[in-house]
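Enquirer: Return a 3D structure for these sequence lines:
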Amino acid sequence: MMPRTIQKLMSLALACIALGTVPLHAEGATISPGDLVEMTVYQELEMTTKTRVSPAGSITIPLVGSVGVAGRSADSAAQMIRERLMKGFFVSPQVTVTVLEFAKRQFTVIGQVQKGGTFDFPDGQTTIDVLAAIGMAGGYTRIADPKKVVVKRLRGGKEEAARIDAKAIAAGSAASITIYPGDTITVGESLF
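Expert: From the prediction side, this is the model:
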């Protein structure tokens, strides 16, 4: 007999295959629009950049231009900037990206919920369970279909979407999805 956690993961994977979707990747703290970041290149003081990430998810770096950093970890963003600087500017730059200040962490719930909108994460939390997020939006409307929930996320500058069955999650027969800052949850409508 399989442990319950493995059963949940397998049911999530099978559901995603059946729906033709890819599960969203869990990850730690990532850079989001509105974050204050600092980029430094070792022994190159004139390259130091301290800026807010634009609503589009990018920052502007000297010699490189606009770089999409939203959805990336600080290390991943530093590696991407390092690779761009190596294309004709530096031989082997040591790049560091630091998040100096996180923007307000929010997620959006729309569709068939009582009170759709943008919500702040509870104090001290950087993630929340999808069911708790729907609960913060007042729960489902009378015509909602909990089997038709879509979670969209910006990752590495690209939007990912996963269709999930929140009814199965609530029943404990499917693994839950973690919601991160910037995610959008759409609750679909029942046709009957």
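Enquirer: Could you pull out the helices in this structure for me?
Expert: With DSSP state H applied, the chain shows helices at 4-19, 74-85, 130-136, 166-171, listed in chain order.
Enquirer: rank these by pLDDT, which is bottom?
Expert: Lowest mean pLDDT within the helices of the chain: helix 4-19, a mean of 42.
Enquirer: Give me the sheet partners of the longest strand belonging to the chain and which way each runs.
Expert: Selection of the longest strand in the chain by residue count, based on DSSP state E, yields strand 144-155. Applying DSSP bridges, strand 144-155 is found paired with strand 158-164 (antiparallel), strand 184-189 (antiparallel).
Enquirer: domains for this protein, by residue range?
Expert: 36-101, 104-189 (automatic domain parsing).
Enquirer: Output those domains as TSV; include the columns distance to T30 and mean neighbour count.
Expert: C-beta coordinates here come from the backbone N, C-alpha and C atoms, glycine included. Output for the domains of the chain, formatted as TSV (distance: least, CB to CB, whole Å; neighbours: other CB atoms under 10 Å):
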stretch	distance to T30	mean neighbour count
domain 36-101	6	16
domain 104-189	7	17
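Enquirer: State the phi and psi torsions of S73.
Expert: Taking degrees, to the nearest 10, you get phi -80, psi 170 for the backbone angles of S73.
Enquirer: from memory it sits against S32, does it?
Expert: No: shown here, S73 and S32 do not form a contact pair, counting by CB atoms under 8 Å, at 11.5 Å.
Enquirer: hey, what's in contact with both of the two?
Expert: Residues touching both S73 and S32 (CB atoms under 8 Å, 6 or more residues apart in numbering): there are none.
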